[in-house]
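>>> using only what follows, build the 3D model:
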Amino acid sequence: MDIKHYYVEKGQGEPLILLHGNGEECGYFVSQIDEFAKYYHVYAIDTRGHGKTPRGEAPFTIRQFVKDLAGFMDERGIEKANILGFSDGGNIALLFAIKYPGRVLKLVADGANLDTTGIVPKLMAAMRREYQKAIDEGDVQKEEMFSLMVNDPNIPVDDLSKITAQTLIMAGTEDMIPEEHTRMIAENIAGSRLEFVEGDHFIAAGNPKEFNSIVLDFLR
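Next up, the predicted model:
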């Protein structure tokens, strides 16, 4: 692998990998790491080109981040892990569980979307404008970040049936992901659990008590 991930590690027990969203870093989970580490061996990682993890030379796509996650696990001898992903991290988690079903113990996807229809239209239109502006101005870093939302993740609905891990699908009650889109994801993963938490897209940060309680109830 052409990069080394920066990550925060804490706790013992089954591995639990935390994946942040677009333009963020592992510190997004500041209200989760200590709590989850009481029961799990937590790894909160910075995705390629985010936080303290270098950009590297590989493609800057959700599917590359999936390969990166497999490499991260291989380097640490983690055969299987619980995976919790938020936003773009949730998209990584879904695609990882589709591609590597045998490597996921339990799966939590918070604020995930399958394609651009999974973001409220007004916000997606604004993202497209910023994406084009970045292209016009030659701002490659900004262009790549917006590309993750404008051109990714493009997960076929039918592929969700390949997920075999017990799954929790989450979103905020006032999320930027339309409720019907979140429900559609849950309905296409056999036996999945669906929870809406009071708050916007950033429920892990804005409503950590309820978020943590639901996640730990599911994992344990």
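>>> quick one, strands of this protein?
7-10, 15-19, 41-45, 81-86, 104-110, 166-172, 193-197 (DSSP state E).
>>> CA atoms of the shortest one as PDB?
This file holds the C-alpha atoms of strand 7-10, laid out as PDB (Å, rounded to 0.1, in the frame of the first residue of the first chain):
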ATOM      1  CA  TYR A   7      -5.100   6.300  13.600                       C
ATOM      2  CA  VAL A   8      -6.100   6.400  17.200                       C
ATOM      3  CA  GLU A   9      -6.100   3.100  19.000                       C
ATOM      4  CA  LYS A  10      -7.700   2.300  22.400                       C
END
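>>> still on that earlier bit, of the strands of the chain, flag the one that's most buried.
Mean neighbours per residue, mean count of other C-beta atoms under 10 Å, is largest over the strands of the chain for strand 81-86, with a mean of 27. C-beta here means a position set from N, CA and C on the backbone, and glycine is covered the same way.
>>> what residue is smack in the middle of this protein?
Centroid-nearest residue in the chain: residue 89, 1.5 Å away (criterion: C-alpha atoms, centre = their mean).
>>> identify the residues contacting it.
Taking C-beta atoms under 8 Å, 6 or more residues apart in numbering, we find residue 89 in contact with 18-21, 47, 110.
>>> let's see it at 7 Å
19-21 (C-beta atoms under 7 Å, 6 or more residues apart in numbering).
>>> for these, give me a markdown table that also has pLDDT and distance to residue 173.
Formatted as a markdown table, the contacts of residue 89 follow (pLDDT from 0 to 100; distance: C-beta to C-beta, whole Å):
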| residue | pLDDT | distance to residue 173 |
| --- | --- | --- |
| 19 | 99 | 22 |
| 20 | 98 | 21 |
| 21 | 98 | 18 |
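>>> make a markdown table out of the strands of the chain and add distance to residue 129.
Converted to a markdown table, the strands of the chain look like this (distance: least, C-beta to C-beta, whole Å):
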| stretch | distance to residue 129 |
| --- | --- |
| strand 7-10 | 34 |
| strand 15-19 | 27 |
| strand 41-45 | 31 |
| strand 81-86 | 24 |
| strand 104-110 | 26 |
| strand 166-172 | 24 |
| strand 193-197 | 29 |
